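**Student:** my questions are about this predicted structure, shown below with the sequence.
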Amino acid sequence: MGMKKIVALSVLLSGCSLIPDLTNSSNHTVVQINRVDTQGVGSSIGTITFADSAQGLAITPQLEGLSPGAHGFHIHENPDCSPKEKEGKLVSALSAGAHYDPHSTGLHMGPHGGGHVGDLPKLEVAVDGTASTEMYVAGLQVSDITNRSVMIHQGGDNYADAPAPLGGGGPRIACGVLK
C-alpha cells in the first residue's frame, strides 16, 4: 500500500473516532413516530432523532410512508398522541394540545419568526414517501422539548394562523412522544 493511501486511511479512521456516539449521550432522544387518526395511535412510520448541536437542535427524520411534499411539523405541548373530543367530534392526536408556546406569544410565525417555540421547519417528503433530510432549529435544545410531542400534519404550513386550520397544515397524521 502506498504512503498516500496509508495517510488517507489513517485520516479517515482517526476522523471516525471524532463522530459522537449518540447512543450513549444524554443530549439526544430518538422518538418513534406513529400514524394517528380518530381511532388512536396506529403503526410506526419510522423515527426522528433530536440532538443538541452547535447549530441548535438537530432533527434527523428516518420516516417512510408519507405523501410527497411539504408537511407541517411542530412540537406540541403535551406528551400524548391519543385522539380527544372537540365540539362533539373526535380529533386525531388532539391530546397533544397546541403548539409548544412557553412564552405565550400566541403567534404561529415559523421556526425563526419569534412565535411558537414549537414551530419547526417544514418536513419535506421525497417522491418515494421518505423523509431523511436533517434540519436545525437555533435556540432549541433537547431539554426544551422533553415531555412534549412531535406532530406531522397532512399539508404544508405557511406559518400563519390563516387559512384555517393551522395555516394550511390541516389534520394531524403522525405523532411521537418525546420522553
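**Tutor:** On my side now, so go ahead. Numbers count the residues shown, from 1 in each chain.
**Student:** can you tell me the closest non-neighbouring residue to the most centrally placed residue in the chain?
**Tutor:** Centroid-nearest residue in the chain, with C-alpha atoms, centre = their mean: residue 150, separated by 5.4 Å. Counting by C-beta to C-beta, 6 or more residues apart in numbering, the nearest residue to residue 150 once its immediate chain neighbours are dropped is residue 176, at 5.1 Å. (C-beta placed from N, C-alpha, C; glycine too.)
**Student:** report pLDDT for that neighbour.
**Tutor:** The per-residue pLDDT reported for residue 176 equals 98.
**Student:** and residue 111, by the same measure?
**Tutor:** Reading off the model, residue 111 has pLDDT 75.
**Student:** ok, now residue 103?
**Tutor:** Spelled out, the predicted local distance difference test score at residue 103 is 84.
**Student:** same deal with residue 164?
**Tutor:** Listed pLDDT for residue 164 reads 54.
**Student:** the helices in the protein, which residues?
**Tutor:** The residue ranges that make up the helices of the chain, judged by DSSP state H, are 3-16, 142-145.
**Student:** tally of neighbours for residue 54?
**Tutor:** If you count neighbours by other C-beta atoms under 10 Å, residue 54 ends up with 6.
**Student:** list the contacts for it?
**Tutor:** Taking C-beta atoms under 8 Å, 6 or more residues apart in numbering as the contact definition, residue 54 lies against nothing.
**Student:** over to the one 3 residues further on?
**Tutor:** Residues near residue 57 by C-beta under 8 Å, 6+ apart: 50-51, 136-137, 140-142, 144-145.
**Student:** residue 79 versus that one, what's the distance?
**Tutor:** Distance of residue 57 to residue 79, computed by C-beta to C-beta, to the nearest Å: 17 Å.
**Student:** swap in residue 89?
**Tutor:** Taken as C-beta to C-beta, the spacing of residue 89 relative to residue 79 amounts to 23 Å.
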